[in-house]
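Engineer: The following comprises the amino acid sequence and a computationally predicted model.
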Amino acid sequence: MMRMKTSKTTGPSPMAMMNGGSGEAAAHEWELRPGGMLVQKRNPDSDRTSAPPPTIRVRVKYGSIYHEIHINSQATFGELKKLLTGPTGLHHEDQKLIYKDKERDSKAFLDVVGVKDKSKLVLVEDPISQEKRLLEMRKNAKLEKASKSISEISLEVDRLAGQVSALESIITKGGKVAEKDVLNLIELLMNQLLKLDGIMADGDVKLQRKMQVIFF
């Protein structure tokens, strides 16, 4: 009697694939979903080419008010924060979203952490982020004001430079220039230099100020 040989085909286990096992699936990263299910980690870019995910409705409590938001089930918490800016009046960078007693990162996906239709979340204000953003806004406003002041000084200096050239032209041709006109022009230029010295600036505005000082 002939004995038939049988072969058993085995594929790489999820654990093997997570540890760099062979096969096409090994090229994918894996993640553990709520409930202990092991799935391939989603690539945000590849999701854009697949069928659109369903829209879910979540309830977000801010203070004593609940806000009902309709959003893509595979959106990020950052996208949800932007949708909450309108109804709450709170800048998305000043928000903290709490789900299941844990603050969620803006880059985290809603479905990955278990958010589904009719899920409830809590929104709180982040005073540290708000302070940082306001400080950055003040800094930008200060730089913008400095840049504007330098531009105004530059225009005035250009105007005075025209007067200097006119006096030089008169002297070159053998003409006479009143001493008081020369002294007045020098005083006006010095005033602009003092204004320029009083401007505190950083970055590109500092370079702009330096170039204007070189003119003097």
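Structural biologist: Received, thanks.
Engineer: ok, the closest residue to Gln95 other than its chain neighbours - contacts?
Structural biologist: Among residues not flanking Gln95 along the chain, Lys81 sits closest, at 4.7 Å (Cβ to Cβ, 6 or more residues apart in numbering). C-beta: built from backbone N, CA, C; applies to glycine. Lys81 makes contacts with 92, 95, 97, 106, as judged by Cβ atoms under 8 Å, 6 or more residues apart in numbering.
Engineer: and the first one, how far is that from Ile153?
Structural biologist: So that's His92. According to Cβ to Cβ, to the nearest Å, His92 and Ile153 sit 38 Å apart.
Engineer: who's more crowded, the two?
Structural biologist: The neighbour comparison of His92 against Ile153 (other Cβ atoms under 10 Å) goes to Ile153, with 19 against 16.
Engineer: I'd say that one and Leu189 touch.
Structural biologist: No. Contact between Ile153 and Leu189 fails when scored by Cβ atoms under 8 Å: they sit 10.6 Å apart.
Engineer: what helices or strands is the one helix or strand Leu167 maps to leaning on?
Structural biologist: Element membership of Leu167 [criterion: DSSP states H and E] is helix 127-172. On a contact count with 3 or more Cβ pairs under 8 Å, 6 or more residues apart in numbering; DSSP states H and E, helix 127-172 meets helix 179-197, helix 203-215.
Engineer: Identify the farthest-apart pair in the contacts of Lys81.
Structural biologist: Farthest pair in these (Cβ to Cβ) is His92 and Leu97. Separation: 10.1 Å.
Engineer: Okay, now the unreliable bits of this structure?
Structural biologist: Scanning the chain for pLDDT under 70 picks out 1-50, 201-216.
Engineer: Make sure Gly175 is indeed in a helix.
Structural biologist: No. Read with DSSP: H, G, I helix; E, B strand; the rest coil, Gly175 is coil and lies in no helix.
Engineer: what residues does stretch 161-180 touch?
Structural biologist: 181-182, 185.
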